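Novice: mind folding the following:
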Amino acid sequence: MKLDSQKINQINKSKLSIFKTDTELAFFLAKKDKIDFVYNTSALEGNAMTYPEVQTLLEGVTVGGHKLSDEQQILNQNKSVNYLFELIETKSFKLNIDTFTSLHAFVAKEEALKWGVFRKSPVNIGGSEYEVPHADILEALFSEGIEEIKKISHPIIRAITMFLFGAKCQFFYDGNKRTSRLMMNGILIEGGYPILNIKAKDKLEFNSMMIKFYDGDDIVSSIEYLMEYYIKQNKKFGDIKKEGQVESVNLTV
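Specialist: Okay, the predicted model is just below:
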């Protein structure tokens, strides 16, 4: 898919004005919300582990009654988030192919056919008639897309576009949405905004939106959907910062 940054920049951004940037706070909130993010991200992929089970596993205690692949997926997701945090702390997070593929190497280890590299053959998207880009053009497609993404003025819209771009182009054999979601949240945290944590309870609505996105040519409506979702999810932080009551955040998340 080809991105049009001029068209995307025309999206009405007025509702996003409630958010006041604070990189330190955004990073703190992301770290505090890590287990919930790992749980929801994996649940969206069909992982059957419950939140308490995910929490227990990430505390180093084995959880019985689940496939080893489910546990591996949770552990991979946790390692990938930790790696994202490391990149942000060391100011090494970049919108480039190295960051994208290195995150994927954690996300899809022993799950995808190959991890940490772009795919070399076609893949299918379940439930969609969309034909993914040919493997031979993926590197050029990524470079062109990233240049357009960098031209998007608002970090929240830029981040959402990164997610949708990575998900639709299917650069990897598996783990595309998870890796693209990490890139999205890296952009958000660096920009001083809370992360976007798509909840498992919204899986049907989210998946329906994604199928329409895959099968159509309109990225704007999908950006607007996720922008509204982001506002609904994070509005409390925007309101708090607007009122100058940052201290109370620690007590409510």
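Novice: any regions of this protein where pLDDT drops low?
Specialist: Residues of the chain that meet the criterion pLDDT under 70 lie in 239-253.
Novice: the longest helix in it is where?
Specialist: helix 220-243 (DSSP state H).
Novice: can you give me the buried ones in that helix?
Specialist: For helix 220-243, the buried set under the neighbour-count rule, 16 or more other C-beta atoms under 10 Å, comprises 222-223, 225-227, 229-230, 233-234, 237-238, 240-241. For glycine as for every other residue, the C-beta is placed from the backbone atoms N, C-alpha and C.
Novice: quick check: the two most widely separated of those?
Specialist: The most widely separated members of the buried residues of helix 220-243 are 222 and 240, with 28.2 Å between them, by C-beta to C-beta.
Novice: in this structure, which spans are strands?
Specialist: Using DSSP state E, no strands are assigned anywhere in the chain.
Novice: quick one: the residue nearest the centre of it and residue 18, what's the gap?
Specialist: Closest residue to the average C-alpha location of the chain: residue 181 at 1.1 Å, with C-alpha atoms, centre = their mean. Distance of residue 181 to residue 18, given as C-beta to C-beta, to the nearest Å: 23 Å.
Novice: the residue lying closest to residue 186 once chain neighbours are set aside and residue 177, how far apart?
Specialist: Leaving aside its chain neighbours, residue 186 sits nearest to residue 93 (4.7 Å; criterion: C-beta to C-beta, 6 or more residues apart in numbering). In this view, residue 93 and residue 177 are 19 Å apart by C-beta to C-beta.
Novice: can you name the residues that contact the closest residue in space to residue 151 that isn't next to it in sequence?
Specialist: The shortest distance from residue 151 to any non-neighbouring residue, by C-beta to C-beta, 6+ apart, is to residue 5 (3.8 Å). Contact analysis of residue 5 by C-beta atoms under 8 Å, 6 or more residues apart in numbering lists 148, 149, 151, 152.
Novice: what's the neighbour count on residue 88?
Specialist: Neighbours of residue 88 under the rule other C-beta atoms under 10 Å: 19.
Novice: PyMOL command for the buried members of the contacts of residue 5?
Specialist: Typed into PyMOL, the line below selects the buried ones among the contacts of residue 5, using 16+ other C-beta under 10 Å:
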select buried, resi 148+149+152
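Novice: alpha carbons of stretch 109-126, as PDB, please.
Specialist: C-alpha atoms of stretch 109-126 as PDB (Å, rounded to 0.1, in the frame of the first residue of the first chain):
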ATOM      1  CA  LYS A 109      10.900 -16.000  18.000                       C
ATOM      2  CA  GLU A 110      10.100 -19.700  17.300                       C
ATOM      3  CA  GLU A 111       6.600 -18.700  16.300                       C
ATOM      4  CA  ALA A 112       7.000 -17.400  12.800                       C
ATOM      5  CA  LEU A 113       8.700 -19.300  10.000                       C
ATOM      6  CA  LYS A 114      11.500 -16.700  10.300                       C
ATOM      7  CA  TRP A 115      11.900 -13.800  12.700                       C
ATOM      8  CA  GLY A 116      13.800 -10.600  12.500                       C
ATOM      9  CA  VAL A 117      13.800 -10.500   8.700                       C
ATOM     10  CA  PHE A 118      11.200  -9.700   6.000                       C
ATOM     11  CA  ARG A 119       9.400 -12.600   4.500                       C
ATOM     12  CA  LYS A 120      10.500 -14.100   1.200                       C
ATOM     13  CA  SER A 121       7.200 -15.500   0.000                       C
ATOM     14  CA  PRO A 122       3.500 -14.700   0.000                       C
ATOM     15  CA  VAL A 123       1.200 -15.000   3.000                       C
ATOM     16  CA  ASN A 124      -2.600 -14.900   3.500                       C
ATOM     17  CA  ILE A 125      -4.700 -12.800   5.800                       C
ATOM     18  CA  GLY A 126      -7.500 -14.900   7.200                       C
END
